[in-house]
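Visitor: pasting the sequence and the predicted model now:
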Amino acid sequence: MSVRIYTGPHSDRGRGPAGWIAYLPWALVALTIVGQIVWVLTSDGARTALTILTVVTFFLASATHAFISRGAGWAIGYLAITLAFGWAIERIGLTTSFPFGLYEYTGTLGPTLFGVPIVIPLAWSMMAYPCLLAAQRLSTTRVGVALIGGLVLAAWDLFLDPQMVGEGYWTWSQTGWELPGIDGIPLQNFLGWLLASIVLMWILDLLPRKVAGDGVPTVMLVWIYLSNVLANAVFFDRPGVALWGAVAMGIVVVPFLWRVWSQPQW
């Protein structure tokens, strides 16, 4: 088995964790997974609180892992970029209908900042982290990272939007063209996600690349992938969503897992 460590532009080794703090991201991962399992099994009344809670715990898992493994400077840069981008792209979307189409939030996701629920930028940030690291394991070029990371982040929305619209967290005024098997969500939304995600990954890849133990983001990426395929196929009765998401996200997740197994980095 070979070991390949990236040593190209911007490469560096992240700081190793020390003491109990090393387990904090893993504890947050466990809380996120348990919360999402309970979300599927619980009644509608508790789901909104669990949605917000699991976004917060996932966000904190990504943020604390970034701080521990890549240092405070890198983590602050990642948080500043993802939170600002997530809020800005949603604000632009609400006011101009670009790039996602004509939609609006229903006011059920907690406090807002100029119409954008605060939890939404947290969701962009939490998922951007494992997507970026997966893309960087599969490509050493900025274009490659932007395209691969953008694809896997946008593919996540194939699961996310049908689920959140089904819960009534946001609505579409008009849909137009739709993907076969994913009703009620405009195709423009998914294309907009792809465009926005590619831009976000391009910006994030400007941060220095640091080799670190990335078990936490790897587990979360795989969990999000497998759990959403299972939930949509079995619990939500959305086979079209399960199939689209399985294929689109699997294009990145499967080769990423092969790379993690065949070329581990420490």
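Guide: Perfect, I can see it now.

Visitor: alpha carbons only for contacts and neighbour counts from here, please
Guide: Fine.

Visitor: for stretch 139-146, which outside residues touch it?
Guide: Outside stretch 139-146, the residues that touch it by Cα atoms under 8 Å, 6 or more residues apart in numbering are 6, 8, 132, 135-136, 138, 197-202, 205.

Visitor: could you point out which element follows the helix or strand bottoming out on mean pLDDT in the chain?
Guide: Ranked by mean pLDDT, DSSP states H and E, the weakest helix or strand in the chain is strand 11-13, scoring a mean of 52. Tracing the chain past strand 11-13, the next element assigned as helix or strand by DSSP states H and E is helix 24-41.

Visitor: C-alpha coordinates for that following helix, CSV please?
Guide: Only the C-alpha atoms of helix 24-41 are listed here, as CSV (Å, rounded to 0.1, in the frame of the first residue of the first chain):
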residue,chain,number,x,y,z
LEU,A,24,-14.4,17.2,20.8
PRO,A,25,-15.1,17.0,17.0
TRP,A,26,-15.9,13.3,17.3
ALA,A,27,-18.4,14.0,20.1
LEU,A,28,-20.1,16.6,17.9
VAL,A,29,-20.1,14.1,15.1
ALA,A,30,-21.9,11.6,17.4
LEU,A,31,-24.4,14.2,18.4
THR,A,32,-25.1,15.0,14.8
ILE,A,33,-25.6,11.4,13.7
VAL,A,34,-27.8,10.6,16.7
GLY,A,35,-29.9,13.8,16.1
GLN,A,36,-30.4,13.0,12.4
ILE,A,37,-31.5,9.4,13.2
VAL,A,38,-34.0,10.7,15.8
TRP,A,39,-35.2,13.3,13.2
VAL,A,40,-36.3,10.6,10.9
LEU,A,41,-38.0,8.6,13.6
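
Visitor: give the other helices and strands that whichever helix or strand comes after that helix contacts.
Guide: Where DSSP H and E defines the elements, the next helix or strand beyond helix 24-41 is helix 44-96. Counting contacts by 3 or more Cα pairs under 8 Å, 6 or more residues apart in numbering; DSSP states H and E, helix 44-96 packs against helix 24-41, strand 103-105, strand 116-117, helix 119-138, helix 187-204, helix 215-230.

Visitor: can you do 10 Å?
Guide: The contact analysis (3 or more Cα pairs under 10 Å, 6 or more residues apart in numbering; DSSP states H and E) places helix 44-96 against strand 11-13, helix 24-41, strand 103-105, strand 116-117, helix 119-138, helix 187-204, strand 209-211, helix 215-230.

Visitor: next, format these as a markdown table and append mean neighbour count and distance to residue 164.
Guide: As requested, the helices and strands packed on helix 44-96 are arranged in a markdown table below (neighbours: other Cα atoms under 10 Å; distance: least, Cα to Cα, whole Å):
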| stretch | mean neighbour count | distance to residue 164 |
| --- | --- | --- |
| strand 11-13 | 16 | 38 |
| helix 24-41 | 17 | 12 |
| strand 103-105 | 18 | 10 |
| strand 116-117 | 22 | 13 |
| helix 119-138 | 23 | 12 |
| helix 187-204 | 21 | 14 |
| strand 209-211 | 21 | 33 |
| helix 215-230 | 19 | 13 |
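
Visitor: which one, of those, ends up nearest to residue 90?
Guide: strand 116-117 (6.7 Å; Cα to Cα).

Visitor: what strand or helix carries residue 259?
Guide: Remark: residue 259 resides in helix 239-262, with elements defined by DSSP H and E.

Visitor: between that helix and helix 215-230, how many degrees?
Guide: Between helix 239-262 and helix 215-230, the angle comes out at 150 degrees (axes from the mean of the first three to the mean of the last three Cα atoms, to 10 degrees).

Visitor: so what does helix 239-262 touch, helix or strand wise?
Guide: helix 119-138, helix 142-166, helix 215-230.
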